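**Q** attaching a predicted model along with its sequence, questions to come.
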Amino acid sequence: MGLFTKKITLNDLYPKNYVDIHSHLLPGIDDGAKDLEDTLSLIKKMETQGITNFRTTPHVLGNVWDNSSALIKEKEALVKRELQKQGLHHVNFHAAAEYMLDENFSKLLDHNDILPLKDQYILVEMSFFNPPFNLEDLLFQIQLKGYIPVLAHPERYNFYHKDFSNYKKLVDAGCLLQLNILSLTKQYGEAVTKVAHKLLKENLYTFVGSDTHHIRHLNLSEKLATQKNKKLLTPLFENNLKTFSF
């Protein structure tokens, strides 16, 4: 076994006080945690892997997951109370959102009804079928409002795979890119993994997130714990720490 393929633990992979900035841990409001019990189970599992700082991001998506800021904060308060009850005082838990770049998002932006990851950073996503026709304008409007867009899992947008210059155009337009860490496994397929490695090589990512929805994601993440991945991901881990620490 070579040095860089040597297995380590996830506790060794993640730096101390690492902050995960993409997950679906709020109970019962999207395709993530089903209920409060599921939420706590996922948090406790992630704690064993070395993560105790969470900026969780439920979907806000048109009429599919029409989660209001008020509902998200209500669920956040529920989780925080339960963490205290269970003696998990060392767990930091903040709820933001993962916003689909759609008409609903434009309305929220107009009304300044946005839950940032921290400070001015907001997590956004696109449809997996095609980008918004007004993508450049949306990115401009986000920045005009004083926010910095962080695009979730760009490696998963197959419509960009044949023209890599699109990723550079996004970065040039002021959009920061967030790697889904499981894109380095078989989770999303070989094509996604290939693009993720190319984006890493080109230093186009700024941040990284787990995008945890369920226990299967966390079990699969165990395969990430190698010296090679630690070397690849440490700059992104450090950016998460520097930007999103509690």
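**A** Structure received.
**Q** quick one: low-confidence ranges for this protein?
**A** Scanning the chain for pLDDT under 70 picks out 1-5.
**Q** please enumerate the strands of it.
**A** 19-20, 53-56, 59-60, 92-95, 98-100, 121-125, 148-152, 176-180, 205-209 (DSSP state E).
**Q** the fourth one: which residues count as buried?
**A** Across strand 92-95, burial judged by 16 or more other CB atoms under 10 Å covers Phe93, His94, Ala95. From N, CA and C alone the C-beta is placed, and that goes for glycine too.
**Q** coming back round to it: got a markdown table for the strands of the chain, with distance to Ala196 too?
**A** Formatted as a markdown table, those follow (distance: least, CB to CB, whole Å):
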| stretch | distance to Ala196 |
| --- | --- |
| strand 19-20 | 17 |
| strand 53-56 | 21 |
| strand 59-60 | 21 |
| strand 92-95 | 26 |
| strand 98-100 | 18 |
| strand 121-125 | 16 |
| strand 148-152 | 13 |
| strand 176-180 | 6 |
| strand 205-209 | 8 |
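**Q** wait, Ser210 touches His22, no?
**A** Yes - the pair Ser210 and His22 qualifies as a contact (CB atoms under 8 Å) at a distance of 6.3 Å.
**Q** more neighbours: the two, which one.
**A** His22 (27 against 22; other CB atoms under 10 Å).
**Q** that one is in contact with Ala152, isn't it?
**A** Yes - using CB under 8 Å, His22 is in contact with Ala152, at 6.0 Å.
**Q** any common contacting residues for the two?
**A** Taking CB atoms under 8 Å, 6 or more residues apart in numbering as the contact rule, His22 and Ala152 both touch Thr57, Glu98, Leu123, Gln178, Asn180, Gly209, Asp211.
**Q** so the third one touches His22, yeah?
**A** Same thing as Leu123. Yes - contact criterion CB under 8 Å: Leu123 and His22 qualify, at 6.4 Å.
**Q** who's in contact with Asn180?
**A** Contacts of Asn180 by CB under 8 Å, 6+ apart are His22, Ala152, His153, Glu155, Arg156, Tyr188, Ala196, Val208, Gly209, Ser210, Asp211.
**Q** between these, which sits nearest Asn239?
**A** Val208 (8.0 Å; CB to CB).
**Q** and for the closest one, the neighbour number?
**A** Neighbours around Val208, by other CB under 10 Å: 25.
**Q** can you start the count at 784 instead of 1 from here on
**A** Will do, 784 is the new start, and the previous item becomes Val991.
**Q** so who does the closest residue to it other than its chain neighbours touch?
**A** Closest residue in space to Val991, ignoring its immediate chain neighbours: Leu1019 at 4.0 Å, by CB to CB, 6 or more residues apart in numbering. With contact set as CB under 8 Å, 6+ apart, Leu1019 has these partners: Leu962, Tyr988, Thr989, Phe990, Val991.
**Q** can you check His807 too?
**A** Here His807 is in contact with Asp813, Asp814, Gly815, Ala816, Thr839, Thr840, Pro841, His842, Glu881, Asp994, Thr995, His996 (CB under 8 Å, 6+ apart).
**Q** isn't the last one up against Asp814?
**A** Yes - in this structure His996 lies within contact range of Asp814 using CB under 8 Å: 6.1 Å.
**Q** settle it for me: which of the two has more neighbours?
**A** Taking other CB under 10 Å, His996 and Asp814 do not tie; His996 has more neighbours (16 against 13).
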